[in-house]
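Student: the following block contains a protein sequence and its predicted model.
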Amino acid sequence: MSDDPIAHLLRRAGFGASSDDLAVFAPMSYNSAVDRLLNYDSIPDDVDAKIGQAGYLGTTSSGQFSPNTVVNDARQRMLFRMVHSSRPLQEKMTLFWHNYFATGYSKVSNATSSIDGTRLMAAKAADDPKGQKGQIELLRDNALGSVRNLLYSVAQDPAMLIWLDGDTNTRQAPQENFGRELMELFSRGVGYYTESDVYAAARVFTGWNMHTDRGATDGTSAYSFVYNANLHETAAKTFSFPIYSDGTMTIPSRAASAGMQDGLDLMNALAMHPETARRVAQKLYDFFISETVPASPDFINQLATTYLQNSSNIKAVLQQVFTSSQFQDPSVYFTHYSWPAEYVVRSIKEAGWTGFSAGTMLTPLVNMGQELLEPPNVAGWDPGQAWFSTGTMLARMNFASTLSANQKFRLATAAAGAKPSAQALVNFMLTRLTPADVSTASPDLLAYASSAPWTGSDTQMQTKASGLAHLILGSTGYQVV
């Protein structure tokens, strides 16, 4: 499957393909597969109900599994969804936005509590006694929506208000953190704003604060955005770039009661700025097409034009990405460096999960450099080759060993048709798993598989299938998608 276009699509627009995924997508044309991935709203989002059921990836918790209130359980739910969701692109984009709007659990929980920090980061509103929606759910709900609406929502998200100190932003003491990152990380990028813009943006968002309703009975608080008109700076704010379509660079003085419009005007201007369009287009290119084959300026401009013509809608941009000749060109296959979450989930989807727990993935992910819900700073994780060092590669190889040993019976059973020869087993494993450079890896794999006289016994099949999986999953060719 390494050179199959739909397999390539599923590695990029999802997290690889399990045998169940292949059964769904294999009969489809390429364009039909793209349509299914993009138009996932018609597919039930019932994956969370499968947690704890037989036949699915397990979870591990010190008590009752509670992903709304226990942060490691929340991380396991994220991983479970990546493995089993019938809407893989939604989960892939949730991961993308989690890095784009990087927010860390530790600061949020330190300002609240470990339980409320988890709720603010990952709670599902339907399961929360106060109806709290965590940031991850916000990003998931808007995974293919518009960047403009994402900016509006994130600016009012309690976790982000704590993370970037918006809950303390007042006209007496304007807080610059959110305004700076809004321009530097969430929209136009470095080099496209001035320090005076940062101060103006801080004043724009004065009064965009947080309200906390302390729980009287169960101890659970409700956190929500509140606009405090009496804390808003009402004077005009001038920027170095246009805010309005007529070229005006100044947000006019408004009454405090109408001052929330200042922030909406600024975010609209930033979301629809051509530099934001190009920056988002480049990030989507790097994430979905290639980190080693440079994008042509013309293609980035085409994606940016689609972004602007569709009011910053990401679904329209990804439709263009996945149907482009650039995405479908075999020369870009395996030119995206797997994020740790991508690596472990793809490994499980391809090797199997029987008797395996999402909890077993958590420490290896930290050792690989990616702890979900805990990006290193406001800029998020540094992707690409930065994922790899001697230590992080060792962590990947150790995970490959753990998973392969755990799945030896499942792999041997699945490979029963390959009992006649060592070569048949190697061929099977290279079909089930999808490393790059298959032809280069095959001689070494065959040497391992045939290192003892071949009998095809159950014991030999278990040992060799597990060993081959370890070699493949830990190989350099499996660290790219």
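Tutor: Everything's here; your move. Numbering: from 1, shown residues only.
Student: make it CA atoms for all contacts and neighbour counts henceforth
Tutor: Fine.
Student: give me every residue that touches the closest residue in space to residue 254 that isn't next to it in sequence.
Tutor: Nearest residue to residue 254 in three dimensions, chain neighbours excluded: residue 234, at 5.5 Å (CA to CA, 6 or more residues apart in numbering). The contact partners of residue 234, by CA atoms under 8 Å, 6 or more residues apart in numbering, come to 253, 254, 255, 256, 259.
Student: would you format these as a markdown table with pLDDT and neighbour count included?
Tutor: Output for the contacts of residue 234, formatted as a markdown table (pLDDT from 0 to 100; neighbours: other CA atoms under 10 Å):
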| residue | pLDDT | neighbour count |
| --- | --- | --- |
| 253 | 98 | 14 |
| 254 | 97 | 16 |
| 255 | 98 | 13 |
| 256 | 98 | 18 |
| 259 | 98 | 26 |
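Student: for the residues you listed, which one is nearest residue 81?
Tutor: residue 259 (39.8 Å; CA to CA).
Student: who's in contact with the helix or strand bottoming out on mean pLDDT in the chain?
Tutor: Ranked by mean pLDDT, DSSP states H and E, the weakest helix or strand in the chain is helix 438-449, scoring a mean of 85. For helix 438-449, contacts defined as CA under 8 Å, 6+ apart pick out 2, 422, 423, 425, 426, 430, 464, 468, 471.
Student: same deal with stretch 98-107?
Tutor: 117-118, 121, 136, 139, 154, 159-160, 162-163, 185-186, 373-381.
Student: cool, and stretch 173-181?
Tutor: Looking at stretch 173-181 with CA under 8 Å, 6+ apart, the contacting residues turn out to be 164-166, 168-169, 198-199, 201-203, 205-206, 378.
Student: need the residues you listed in JSON lines with neighbour count, distance to residue 394 and secondary structure, can you?
Tutor: Listed next are these as JSON lines, based on neighbours: other CA atoms under 10 Å; distance: CA to CA, whole Å; DSSP: H, G, I helix; E, B strand; the rest coil:
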{"residue": "164", "neighbour count": "22", "distance to residue 394": "34", "secondary structure": "coil"}
{"residue": "165", "neighbour count": "16", "distance to residue 394": "37", "secondary structure": "coil"}
{"residue": "166", "neighbour count": "29", "distance to residue 394": "40", "secondary structure": "helix"}
{"residue": "168", "neighbour count": "17", "distance to residue 394": "43", "secondary structure": "helix"}
{"residue": "169", "neighbour count": "26", "distance to residue 394": "44", "secondary structure": "coil"}
{"residue": "198", "neighbour count": "22", "distance to residue 394": "42", "secondary structure": "helix"}
{"residue": "199", "neighbour count": "19", "distance to residue 394": "45", "secondary structure": "helix"}
{"residue": "201", "neighbour count": "27", "distance to residue 394": "44", "secondary structure": "helix"}
{"residue": "202", "neighbour count": "25", "distance to residue 394": "44", "secondary structure": "helix"}
{"residue": "203", "neighbour count": "27", "distance to residue 394": "48", "secondary structure": "helix"}
{"residue": "205", "neighbour count": "30", "distance to residue 394": "45", "secondary structure": "coil"}
{"residue": "206", "neighbour count": "31", "distance to residue 394": "47", "secondary structure": "coil"}
{"residue": "378", "neighbour count": "17", "distance to residue 394": "27", "secondary structure": "coil"}
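Student: turn the residues you listed into a markdown table, columns for distance to residue 402 and pLDDT.
Tutor: Formatted as a markdown table, those follow (distance: CA to CA, whole Å; pLDDT from 0 to 100):
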| residue | distance to residue 402 | pLDDT |
| --- | --- | --- |
| 164 | 38 | 98 |
| 165 | 41 | 97 |
| 166 | 43 | 96 |
| 168 | 46 | 96 |
| 169 | 48 | 97 |
| 198 | 48 | 98 |
| 199 | 51 | 98 |
| 201 | 49 | 98 |
| 202 | 49 | 98 |
| 203 | 52 | 98 |
| 205 | 49 | 98 |
| 206 | 51 | 98 |
| 378 | 32 | 97 |
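Student: of the residues you listed, just say which sits nearest to residue 93.
Tutor: Distances from residue 93 to those, taken by CA to CA, are shortest for residue 378, at 18.2 Å.
Student: ok, that closest one to residue 265 distance?
Tutor: According to CA to CA, to the nearest Å, residue 378 and residue 265 sit 24 Å apart.
Student: helices along the stretch 51-200 of the chain, start to end?
Tutor: 71-84, 88-100, 105-111, 114-122, 135-141, 147-155, 158-163, 177-184, 195-204 (DSSP state H, counting those that start in this stretch).
Student: packing partners of the fourth one?
Tutor: Helix 114-122 makes packing contacts with helix 71-84, helix 105-111, helix 135-141, helix 158-163 when contacts are defined by 3 or more CA pairs under 8 Å, 6 or more residues apart in numbering; DSSP states H and E.
Student: next one: the residue nearest in space to the middle of the chain, what pLDDT does it get?
Tutor: The centroid of the chain falls nearest to residue 95 when counting by CA atoms, centre = their mean (0.9 Å). Predicted confidence (pLDDT) for residue 95: 98.
Student: same thing with residue 1?
Tutor: On the pLDDT scale, residue 1 gets 54.
Student: can you check the one 4 residues further on too?
Tutor: Residue-level confidence at residue 5 comes out at 95, pLDDT.
Student: please name the nearest non-neighbouring residue to residue 223.
Tutor: Per CA to CA, 6+ apart, closest to residue 223 is residue 212, 4.7 Å.
Student: please confirm that that neighbour is located within a strand.
Tutor: Yes - membership of residue 212 in a strand is supported by DSSP: H, G, I helix; E, B strand; the rest coil.
Student: going forward can the numbers begin at 13, since that is how I track them
Tutor: Sure, I'll start counting at 13 from here, so that last one is residue 224.
Student: now for it, how many residues are close by?
Tutor: Using other CA atoms under 10 Å, residue 224 has 12 other residues around it.
Student: residue 350: what's it in contact with?
Tutor: 396, 491, 492, 493.
Student: what about the second one, how many residues nearby?
Tutor: What it means is residue 491. Residue 491 has 24 nearby residues by other CA under 10 Å.
Student: show me the shaky parts of the stretch 213-362 of the chain.
Tutor: 228-231 (pLDDT under 70).
Student: fine, thanks again, bye for now.
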